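Novice: Using only what follows, build the 3D model:
(chains A, B and C)
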Amino acid sequence: MHVPDGFIDAPTSAVTGVVAAGALAVSLRGARRELDERTAPLAGLVAAFIFAVQMLNFPVAAGTSGHLLGGALAAILVGPYTAVLCVSVVLLMQGVLFADGGLTALGVNITDMAIVTTVVAYAVFKALLAVLPRSRRSITAASFVAALLSVPAAAVVFTLIYAIGGTTDVSIVKVATAMIGVHVLIGIGEAVITALTVAAVVAVRPDLVYGARGLRQKLRLRVNGELVDAPDAAPVPAAARTSRRTVWITGLVTSLVLAGFVSFYASADPDGLEKVAHDKGIDKKTEPHHSSDSPLADYGVKDVANARLSGGLAGVIGVGVTVVAGSAVFWAVRRRRDHDASPANTSF
Amino acid sequence: MGAGHAHKLYRHGHSAVHRLPPHTKLAAVFAFVVVVVSTPREAMWAFGVYAVLLACVAHRARVPAGFLLKRLLIEVPFVAFAVLMPFVAEGERVHVLGLSLSVNGLWGAWNVLAKGTLGVAASVLLAATTDLRELLLGLQRLKLPPLLVQIASFMIRYGDVITDEMRRMRIARESRGFEARGVRHWGVLAKSAGALFIRSYERGERVHLAMVSRGYAGSMPVIDEVTATRDQWLRALALPCSALVVCLLGWFL
Amino acid sequence: MSTALSLEVSGLAFAYPDGHQALFGVDFTVPRGERVALLGPNGAGKTTLVLHLNGILSGGTGTVTVAGLPVGKRHMAEIRQKVGIVFQDPDDQLFMPTVREDVAFGPAAAGLKGAALEERVRTALEQVGMAEFADRPPHHLSFGQRRRVAVATVLAMRPEILVLDEPSSNLDPASRRELADILRALDVTVLMVTHDLPYALELCPRALILSDGVIAADGPTGKLLSDDALMRAHRLELPFGFDPRTVTSDA
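Specialist: Here you go, the predicted model:
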């Protein structure tokens, strides 16, 4: 998804550049407030982690593999402010060191991949945690959905940017269907990996998971004086919580229905979709399959030959998965007690 | 991997271009790309002139053509995208060899190809003639927020350390007979990623301790300053300035 | 040797926020110019103690005094110049892009600039024999070289006391000896935290044993290492075939 120069016209690139700069300024302040003088080393190490983890191959089947984009993961692990900084720095370095993503398109790339993914992922994650019971499973499930939605959200924003400043007159519906259809598919991979990774961290160092701080604080109450379990603080805000819950649930359902609708629309209009999606599949999931002997072979995924991914199929699967994910969330919310909704839990 | 000191695209050398202060080069490349992007796509000759300008710079920097062309491979996904444009774009259509192509799409494809290629080529030239340290100093000099430069600098410093840890974890997995073959093994890989995050974060905490122990209080002491003379600025900006002339001609001719 | 004290720790007790208490009243002094080994089994509180010496950890009871200056918020910058801690993993310590900048970090943070800074960096690197590596990035050095640069980063701050956390860990025998030669040649107070008992005997005439959060023994290193009952009681073991009684230490 690294947009090159010339893809988006100059005025739009400039505007996104301003948006990115503003968001970075806000994030710098936010991160400093949270981490004070620890910001630089911690964010730097997390950026290095994101950079490294993008090189970790996740085999899919028959020699194909994908890798993590990391926006949602970063948001959940270190919070939205630090995450925006980390992913932006990774993008900046990729642009300057590897010529990956145009310099004038840096604003577009940061807005799309550093800001939208992290903010959407974190908002969804927090919203879900507000409705789900406080448990590790909820964190895994919420991470799954957050990552799942963050990738198509970035595709939606990219489509918007393209609609405003695209340099070629391709029908926006075609761009939208192709982008969103394929990115729902990519989102699933992202979601599974993110959820599994967050679960792995929560199992060992729950205190390091920014998004799970509420959970940790509650556990901490136990260590008070004579090691007596602190009573549940739940009864007091119960009323307020339920009403907030309804709001969250409504919002979630709406967004899922919307996502499902758009994807459905996508598969109903498959002519242009097929080809663009096909191409997008190459671009995104299997980026350097052409470069196995190129100088950049060690930068990114290696053993990928996923070029035959058909766009039409992608759209159809996209719809299916959105429906499945939607029902999974419904189900999870309805049966709060012992939900086992996300596929992420199955491999544990 | 490329986060090392001598990163993958860097070619050690002592040419005039190598010697230019990094911030002048960064500014020049950025200005050049902005000019290229602002050029009307109908002025096809202008893009040819830009390519010649870059070739001159490459010649001065003694960056061989083969090296430059190989590095352009990173653009391939977007070439594929550009090739599709004539088929999917709207508007009036022409028939070439029995294919129905959109005129607008053809222009769009040309636009993305030409501008994207020039952009990548300019970035590659920058990366090939400027080492990592200098890039960071240049970004700092160009008034990128110091905190961002610090984060970038830590990312570069520890990129190798962490990739190395990742490699050791893979070797440890494989030594115990594990090989990731499909989706079923994602759990194990994700656990590695989780462990890697914990190690990275904890290392960040230790680095912070080491910094604080040496008197760090939130801002990096300035140890090296890069400065540029007027002459160096003039030489660096020669590229975007000549490009600007071409661009203006493109608009008015 | 002057009678001035480089370091004075008295009644130091500390518990982590999670309730785990690591130190239970630590008392000892280190006179200026002495090299002292701090020995102790894993989990004895060695690292906790070290982090108190420059005020990274605080909030317990007791006091730490460095060259007459109490460790506390008021003198923090000064204390951190005076106490040079070399951490166990040189990769944590060397966080700047080049060796030179890394060594310059401490003095530059203290406000040193220009030629004085360059001079300080050069001297420190010469002291550890790494002057010709000044412009190399740290990750291109061998582990032993990185450890030596880590020592230089701290020496550049002209510390009152050099605190080394497991200086010999992961070093091959040659690097180990080189580091020992460097440390012996330095004219600075050293507190060396280590499991490596032969190394302690080689370098430090005096040793402290920290066990269960208190100083369990304080005396000449050779004598402590020869006391089998004491060693067993604190889970300290000499390497196979090593007999401290037959080693002539030139420390």
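
Novice: any weak-confidence spans in the chain?
Specialist: No chain in the question, so chain A it is. For chain A, the stretches with pLDDT under 70 are A:1, A:60-66, A:213-348.

Novice: Chain B is the one I meant
Specialist: The model of chain B has pLDDT under 70 over residues B:1-8, B:74-75, B:77.

Novice: ok, now how distant is residue A:84 from residue A:22?
Specialist: Separation of residue A:84 from residue A:22 (Cβ to Cβ, to the nearest Å): 11 Å. Heads up, the C-betas are built off the backbone N, CA and C, glycines and all.

Novice: okay, the two: which has more neighbours?
Specialist: Higher neighbour count among residue A:84 and residue A:22: residue A:84, with 29 against 11, using other Cβ atoms under 10 Å in any protein chain shown.

Novice: my guess is the more buried one meets residue A:21, correct?
Specialist: No. Counting by Cβ atoms under 8 Å, residue A:84 stays clear of residue A:21, with 11.8 Å between them.

Novice: Near chain B, which residues of the stretch 1-150 of chain C are found?
Specialist: Applying Cβ under 8 Å from any Cβ of the partner chain, we find that the stretch 1-150 of chain C lies next to chain B at C:51, C:54, C:56, C:77, C:80-81, C:83-85, C:87, C:89, C:91-93, C:95-98, C:101, C:104-106, C:108-110, C:117, C:137-140.

Novice: can you give me the strands in chain B?
Specialist: With strands called from DSSP state E, chain B shows them at B:93-96, B:99-102.

Novice: Tell me which other helices or strands the last one touches.
Specialist: In terms of contacts (3 or more Cβ pairs under 8 Å, 6 or more residues apart in numbering or on different chains; DSSP states H and E), strand B:99-102 is packed against helix B:76-88, strand B:93-96.

Novice: Does at least one residue of the last one sit close to chain A?
Specialist: No. In terms of Cβ under 8 Å from any Cβ, no part of strand B:93-96 sits within range of chain A; the closest distance is 12.3 Å.

Novice: Tell me how many other residues crowd the residue nearest to residue B:190 when sequence neighbours are not counted.
Specialist: Excluding the flanking residues, the one nearest residue B:190 by Cβ to Cβ, 6 or more residues apart in numbering or on different chains is residue A:196, at 3.2 Å. Residues lying near residue A:196 (other Cβ under 10 Å) number 26.

Novice: roughly how far apart are residue A:196 and chain C?
Specialist: Distance of residue A:196 to chain C, given as Cβ to the nearest Cβ, to the nearest Å: 28 Å.

Novice: Wasn't residue C:192 part of a helix?
Specialist: No. Assessed by DSSP: H, G, I helix; E, B strand; the rest coil, residue C:192 does not belong to a helix; its assignment is strand.

Novice: quick one: residue C:28 is in a helix?
Specialist: No. The assignment for residue C:28, made by three-state DSSP, is strand rather than a helix.

Novice: So what sits opposite it in the bridge?
Specialist: Taking DSSP bridges as the rule, residue C:28 bridges to residue C:9.

Novice: OK, contacts around it?
Specialist: C:9, C:208, C:215, C:218 (Cβ atoms under 8 Å, 6 or more residues apart in numbering or on different chains).

Novice: Also residue B:110?
Specialist: If you count contacts by Cβ under 8 Å, 6+ apart, residue B:110 has them with B:41, B:44, B:82.

Novice: What is the neighbour count of residue B:52?
Specialist: A count of nearby residues for residue B:52, using other Cβ under 10 Å, gives 10.

Novice: let me redo that: residue A:135
Specialist: When neighbours are counted by other Cβ under 10 Å, residue A:135 registers 12.

Novice: ok, now how distant is it from residue A:204?
Specialist: According to Cβ to Cβ, residue A:135 and residue A:204 sit 16 Å apart.

Novice: Check residue B:76 too.
Specialist: Using Cβ to Cβ, residue B:76 is found at 40 Å from residue A:204.

Novice: Ok, residue C:136 next?
Specialist: Look at residue C:136 and residue A:204: by Cβ to Cβ, they are 35 Å apart.

Novice: Of the contacts of residue C:28, grab the buried ones for ChimeraX.
Specialist: With 16 or more other Cβ atoms under 10 Å in any protein chain shown as the criterion, this ChimeraX line picks the buried residues out of the contacts of residue C:28:
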select /C:9,208,215
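
Novice: Tabulate the contacts of residue C:28 in TSV, adding columns for pLDDT.
Specialist: Output for the contacts of residue C:28, formatted as TSV (pLDDT from 0 to 100):
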residue	pLDDT
C:9	94
C:208	95
C:215	92
C:218	94
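
Novice: which of the contacts of residue C:28 lies closest to chain B?
Specialist: Nearest to chain B among the contacts of residue C:28: residue C:9, at 17.3 Å, using Cβ to the nearest Cβ.
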